[in-house]
Structure formats: C-alpha cells, structure tokens
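In: Pasted the sequence and its predicted model underneath.
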Number of protein chains: 2
Amino acid sequence: MNADSATTVRFLLASRQCELNSLRYLLQTGELVGKISQMVHMLQRERGTSNLYLCTQGRLCGEQLAQRAQDALTAQVALLHHLDQLETLTATLPQASRLLSRVASVVYALSLLPALRQQVRQLTAQDAIAFFNDTIRHLLALVFELSDAAAEPAISRALIAQFSFMQGKELAGQERAAGVAALAAGQFDEHSQHTLLDLIERQDRCFATFAEFCDAAHRQRWLDLTPDSEFERLRRIACTRRTRQAADEAESLRWFSVATQRIDGMKQLEDELQTSLMDLCRARIAVQEQANNEQRADISSLMGQQIQDEGGYAVFMPHAGHEQGEWLANDEGVTPQLSRSLLSLVQQQARRLQALDHELTTLRVTLNERKAIDRAKSLLMQHRALSEEEAYKTLRRMAMNQNKKLVEIATAMLAVADILQESP
Amino acid sequence: MNADSATTVRFLLASRQCELNSLRYLLQTGELVGKISQMVHMLQRERGTSNLYLCTQGRLCGEQLAQRAQDALTAQVALLHHLDQLETLTATLPQASRLLSRVASVVYALSLLPALRQQVRQLTAQDAIAFFNDTIRHLLALVFELSDAAAEPAISRALIAQFSFMQGKELAGQERAAGVAALAAGQFDEHSQHTLLDLIERQDRCFATFAEFCDAAHRQRWLDLTPDSEFERLRRIACTRRTRQAADEAESLRWFSVATQRIDGMKQLEDELQTSLMDLCRARIAVQEQANNEQRADISSLMGQQIQDEGGYAVFMPHAGHEQGEWLANDEGVTPQLSRSLLSLVQQQARRLQALDHELTTLRVTLNERKAIDRAKSLLMQHRALSEEEAYKTLRRMAMNQNKKLVEIATAMLAVADILQESP
C-alpha cells in the first residue's frame, strides 16, 4: 500500500468514526430529553396544585404545595447535573451556540422559581399559571433545539415524535389549569371557552404530528389511551356552558382529578417513548460499531496490514515480519485490485451518507416549517405584546383570510420582520 | 450572586465562546479552500497542457508536461498537509462524517494521478480530459461541502460566491480544452459545438450566482474582467463554424493562449476572493472577541466578581477580600436589578442567534436547491451512465417539457430515487 492509499483509508475510517461519535452524542441527547421530560412533568404538577390552591382561595391542596416544590427541585438537580455534562460535551463544538443559549434561558427561568414559590400564595391563579407556562416553554424549546440537531433519520424522527408529544402534553396541562379556573369560578365567558377550545385544537395538532413521526407500536399505545368518559363530559361542560353558576369546588376537583389521570397516562407513554429512543440509539451504536469493525478487518486483510483504532484515528501497523515503514517505502505498490476495492469503499461511504442526508433534508423541511411558525409567533408576541395563543390565532386568521398555508404566512412575516420591529 | 445565576452566566458565555470557536473553524476552512483553489488551478493547467500535447500528436508542450506535473504535486503536498490538520480539527466533531468522506474521495482521486501521468502520452485527449475533470469535480465537491457547513451568514455568502466562482472557472477550463480539441481537429460537428455552448451557458449561470452572493467590489472586479476580443472571436468560430477544415495548430494555440489568459485573470480574482474571505473571518473573530470581553467585563461588574475565561468555560473568581465560595453561599442574594440585567443578556443572545439562524435558513434554501440538482444529476450519471453534461441536459429537458423549475424536477427525481436504482 502506498501513502496515498493509507491516507484515503484514514479519512474513510475517520468519516465512519464521526458517525459513531454522532450517535453517541445522540444517546446523551436522549438522556437529557428524559431529564427535561421529568422536570416538565414535575412543574406541570406543581402548576396544577398551585392553581387548584389559588382558585379555591386556599381551601384545597395547601398542604401539598411544599411536596410539589420539593419534587420539582429534585428533578431540577438531576437536570442541571446533566446540563453540566452537556456543557463539557459541547464546549468545543463549533455549532452549539444556539443550544447553549437555550440552556442559559432554561437555567435563568428555573432560577426564578424560588422567588415564585415564596410569593405564590399572594398571586392570582392567572399570574402563577403564566409563570409556570413560561418556564415550561423554555424547557420545551430546548427539546426542540435538541431534536433539530439530530443527524440520524430514525433517531431524528423519534425525537420529533417525542417533542410533539411533550408539547401536546403541556397543552393538556394548560387545559387542566384553564378548566379548573373556569369551573371553580363558575365563569364560562366567551374568552375562557375560546382559550379551552384553542388548547384542545392545538393539542390535537401536536398529537397528530406525534402520530405521524412515531412508530406503529406507539401510535397504537396512543390510540389505546382513550380519554375517560367523565373527562369528556366535563370538557364538554367547560367548553359549552354559557350560564354563570355558583362556583363548584367539587366539580373543579373532579375535573382536576380526571385531567390529571389523563396527563399521568401521557407521562407513562412519554416514558416509554424515552426508553425506545434510548434503545434505538444503543442499537444504532451497536450496528455502527459492528460495521466499523468489519470494515477495518476488510481493509486490514485487503492491505495486508493491521489497523488499530485510536479514538477516531486509524493507525497503520506493519504486520509481524515487516519492518516498520516498509509498506510506506513501497510507494508504487498499489495493485489495480486494491485500487478498485478502495474506490468501492470510498463510493459506498459517500452514497450511504448522501442517502442519509436526503432523508434528513426531507425531515428538516417539516421541522423548518414548524420553526418558521414558532418564530413568527414569538415575533408577534414580542412586538405586539400578544400572548402565545393570540399570536397563533393572528397568524391563523391571516392565513385563512388569504387562503394560504400557515407556513406561508409565517415565512412572509419573517421576511418583513425588520419593518415589524421598527413600528411601535 | 447565587448558584443559578452563576450557571446562567456560564452557559451564556459558553454560547458566545461556541460562536467564536465556530468563526475560528471557518478561518481554517477558508485556508483549506485556498489550498484547494491552488490545487484545482494547477490541475487545470496540467489538463490544458496535456490536452494541447495530445491534440497536436505530441508536437506542442511536450517539454512542459513534467513541469506542470511538478507544480500540481507541490500544490498537492500543501493540500494534503492541510487536510491532515482538518482531520485533527474535526475528528471529535459529531457531524463531520460527510466532510471526511468527501476528503477520502479527494485523496483517492489524487492517488490515481501518478498512474495517469505515467501513461498520459498513450491516452486519447478525451480520456485524459475526463480523468482531470473527475479529479477536479471531487475537489470542488469538497469546497461545496465546506461552504455548506458555514454557520455565519456573511462568511457563508462569501463561501457560496467563491464556490460558484471556482465552479465557473472550472467550466471555463473545460471550455478551453474542448475548444483546443475542436480547433486542432478541424472538427466542428454538432456534438462538440453543443458541448461548447453548454459549457458557456453553465459558466454564465455560475458567475451569475457568484455575482448574486459576492460583495459589490468583487462584482465590479468581475465586470472589469471583460473577455479579450480575440477570445470572443475564436469562441464564435468554434461555436458556429460548421464546415470541416484542415486542422489548424496555430489557431488552437492562439485559442489556448487567450483562454488561458482569461482563466489566469479569473485565478487572480479568485485569489482576491480568498484574501477577502480570510480578512472577513479575521474581522469577525476580532469583533466577537471584543464583544465577548466586553460582555465578560459587564457581567463581572454586574456581579461584583471577576470571570476568567478558560477555553470556553467561565470560571468565577471571588474578588480580593472575598473568601473563596462566599458568593456561592449567598444563595438568596439575587437583586431584582441583577435578575433583570441577566434576563436582558439572555434574551439578547437568544435573539441575536435567532436572527443569524433566520439569515442562514434563507441562504440554505438556495444551497439546498443547488444540492438537490447536483444530487439528481449524479443519480442520473450513476444509474443511466450519463456524463455530467448529459445528466444536466436530461434534467433541463424534463423541466422544460413540464414547464417546471429545475429544482422541482430534481426533487421529484430524488423522491423516486429507489425506483430509479432498481431499474436496469
């Protein structure tokens, strides 16, 4: 083998090693998503309990508040520990700045929780909910960022499915809180019913995306999670009743309990998604390790030399009986067979990566559309001081009026973002 | 400052440090593009000389062949040296597998050159050209891959401009070779004229893309590079003359000389693009370093602590007079002012990255379209055994027949790639 062939092989193996590194990185990502899922769930419980407490003027759940805060804190410690590991992992990567910026937002949002908990008994239910919603929104944005960066199609699909599911579950949590407020106040005005209908509709869309990207087994599991008939009955009451009634604490509590049951069912499925994701990562890593070893063995026998793997570098070792460097001296000794085999290996790798890239591009189109909508939404939230719901409705109304797709409106809005930012 | 605020700051600074890493990586990338540009130019010269030699049955340029090979080899040594550095730089990155795979293809293609040179005197001009074309195609594919990965809009634009320019220059080199062959043979058949017209048309498109993405100064420089009138005259002859004439060696040589002048002018502009790109990278790095230092100083004074930068990590040092760890103990001591300042820093960074991301997404759409067309083209080349030119024409014909954009046809073709690969 001559020096050029050795270099070709070295870069070929480095390319495959990078794929393996990428899968190992995704395994870490998957673990982090698990920690975020747990943190979000605990904040959702704390939000629910705080809300029930505030909506009933402190008559319910007062004694559970401390426990909820404690559970959230435990999840937070685990999450922050994992984020520290992430920093070590990504500090040298050139393209992790957005991810780390998201983490900074999350950590900042979490740092405000102690102050919130101190004064939660003096807040309105609405303010407390808004606070928790905001914190959870930052956590979900981090999950989105993580799923955006995945470079393996199957894992990327699983991450998108999981992110969509987490988003749907969060909207279910917001629905629970809004329902408690409405039932407890006996108020069924147009505004709160609109909010509820909107939350239900957005949930449906999230779960539809989830169903589109998850595997068949999880899709079935989701279909089997049929909502409780009592939940459906209360949902219908909250969405359609127009008369003002006396506050009904018992009904609020019933709603809270069935909605919680539903959300806990979701959490169970979310945990299963998480386990599958990790299994998928581990399986891909095993396959890739096996393939890399086989390729190294093939190349070894092809070239009559041993190749040692040293963390991404291929080191060529002369076989026993060869003097060190002997093969390097034999600079013209590339047989046509060796050259053809090398060519086929190089082409194989290039084609494999091209196919992966094509799959990823298709996936990314979906993701980019969602991103454009999210960005247009937060643009409206910032510069028109709208709530997330109002911003979304504004976009949807514009799309309907112009008979265009939501993503077209979002893209158009981003294209004129500069003007939007200048106006008052 | 409490521990959570410290963590927020740490991730914020890590995010900014990543941006800086990313810019430094782009500086390396820019240097590599320069080496590739040089290698491509040398191969273009060697191709031109070999072609003139072969087209004149060895009467011209025979004595220059060795020198051309030597010059190419010098460029190759510099390139391979830089590629070694690239490997060190990217070996730990998770997403460099495609880049490294491209490098493997380049190194493999270069490894075939010695054998080509040994037998070049026995080859047909057509075969020799095809060989050089193929090697240069791999080198340009690597430049494309490098410009695809750039995560800074201004630098990304400069890289796209430079890549388009290099591609146009390569087509100019192919035009020179095709013209020499046609003039030397006295053959002006339909096929060779089609080839010439196609090369001219594709050049124009490349330079249009270049002009779209480069800055105003370089656009002007390009406009000032008006082709020689003698070049235009010979081009017209080669493209329109239909009669078969006696081979005219003098005319071939004149064409070769004016076409070479034109290409050398392009190389000069390409070198200027390269210098600007490096200047741009260095300027961005300086700006980012300055901004990071200022932000660190701001945060320091905000928190009453010194921050030391240790390669991407922010390390908090107590001010003189503070005991180590004292600030950590003061866990509840976040003033509302500090909290608001932190919030604004976190939001600023998030918005800045979002704006960058939006610009990059827009750029990437252009790049992805080009990528889809290139991929569809190589699909056709592989599975229908077409030349690059034939593949491109096939795509264009399909687009024209269906009154669709080229990118739509390319995307449709990629969507049915599996079927295409199964058919004979």
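Out: Nice, I can see it. Not measured: the values here are computed from a predicted model.
In: where do the helices sit along the stretch 151-300 of chain A?
Out: Using DSSP state H, counting those that start in this stretch, the helices of the stretch 151-300 of chain A run over A:153-185, A:190-213, A:216-224, A:229-240, A:249-303.
In: Name the residues of stretch A:251-266 that come out as buried.
Out: Residues of stretch A:251-266 classed as buried: A:251-256, A:258-260, A:262-263, A:265-266 (neighbour count, 16 or more other CB atoms under 10 Å in any protein chain shown). C-beta: built from backbone N, CA, C; applies to glycine.
In: Let me know which of the helices of the stretch 151-300 of chain A is tucked in deepest.
Out: Most buried of the helices of the stretch 151-300 of chain A by mean neighbour count (mean count of other CB atoms under 10 Å in any protein chain shown) is helix A:153-185; its value is a mean of 24.
In: Counting by contacts, list what that helix packs against.
Out: helix A:3-55, helix A:125-148, helix A:190-213, helix A:229-240, helix A:249-303, helix A:336-383 (3 or more CB pairs under 8 Å, 6 or more residues apart in numbering or on different chains; DSSP states H and E).
In: So for residue B:89, which of those helices sits nearest?
Out: Evaluated with CB to CB, the helices and strands packed on helix A:153-185 place helix A:3-55 nearest to residue B:89, the distance being 11.1 Å.
In: Between helix A:336-383 and that closest one, find me the angle.
Out: 30 degrees (axes from the mean of the first three to the mean of the last three CA atoms, to 10 degrees).
In: next helix or strand past helix A:3-55?
Out: Using DSSP states H and E, the helix or strand that follows helix A:3-55 in sequence is helix A:65-90.
In: Give me the most central residue, chain A.
Out: What sits nearest the mean C-alpha location of chain A, by CA atoms, centre = their mean, is residue A:143, with 3.1 Å.
In: Could you chop chain A up by domain?
Out: As assigned by automatic domain parsing, chain A contains the domains A:11-285, A:337-424.
In: just so I know, which of these lies nearest residue B:13?
Out: Nearest of the domains of chain A to residue B:13, taken as CB to CB: domain A:11-285 at 8.8 Å.
In: pLDDT of the closest one, averaged?
Out: If you average the pLDDT over domain A:11-285, you get 89.
In: now that domain: how far from the chain's centre is it?
Out: Offset of domain A:11-285 from its chain centre (CA atoms, centre = their mean, to the nearest Å): 10 Å.
In: and the end-to-end length of it?
Out: One end of domain A:11-285 sits 20 Å from the other (CA to CA, to the nearest Å).
In: Which single one of the buried residues of stretch A:251-266 is nearest to residue B:8?
Out: Distance to residue B:8 across the buried residues of stretch A:251-266 (CB to CB) is lowest for residue A:263, with 29.3 Å.
In: sorry, back to before: got the contact list for the residue nearest to the centre of chain A?
Out: By CB atoms under 8 Å, 6 or more residues apart in numbering or on different chains, residue A:143 lies in contact with A:33, A:36, A:37, A:162, A:163, A:166.
In: possible to save these as a markdown table with distance to residue B:395?
Out: What follows is those, written out as a markdown table (distance: CB to CB, whole Å):
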| residue | distance to residue B:395 |
| --- | --- |
| A:33 | 41 |
| A:36 | 44 |
| A:37 | 45 |
| A:162 | 38 |
| A:163 | 36 |
| A:166 | 42 |
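In: Spatially, and excluding backbone neighbours, which residue is closest to residue A:265.
Out: For residue A:265, ignoring the flanking residues on the chain, the nearest one in space by CB to CB, 6 or more residues apart in numbering or on different chains is residue A:225 at 5.2 Å.
In: ok, now residue A:353?
Out: residue B:98 (4.8 Å).
In: For the one you found, the count of nearby residues, please.
Out: Look at residue B:98: counted by other CB atoms under 10 Å in any protein chain shown, it has 21 neighbours.
In: Surely it touches residue A:351?
Out: No - with contact defined as CB atoms under 8 Å, residue B:98 and residue A:351 do not form a contacting pair (11.5 Å).
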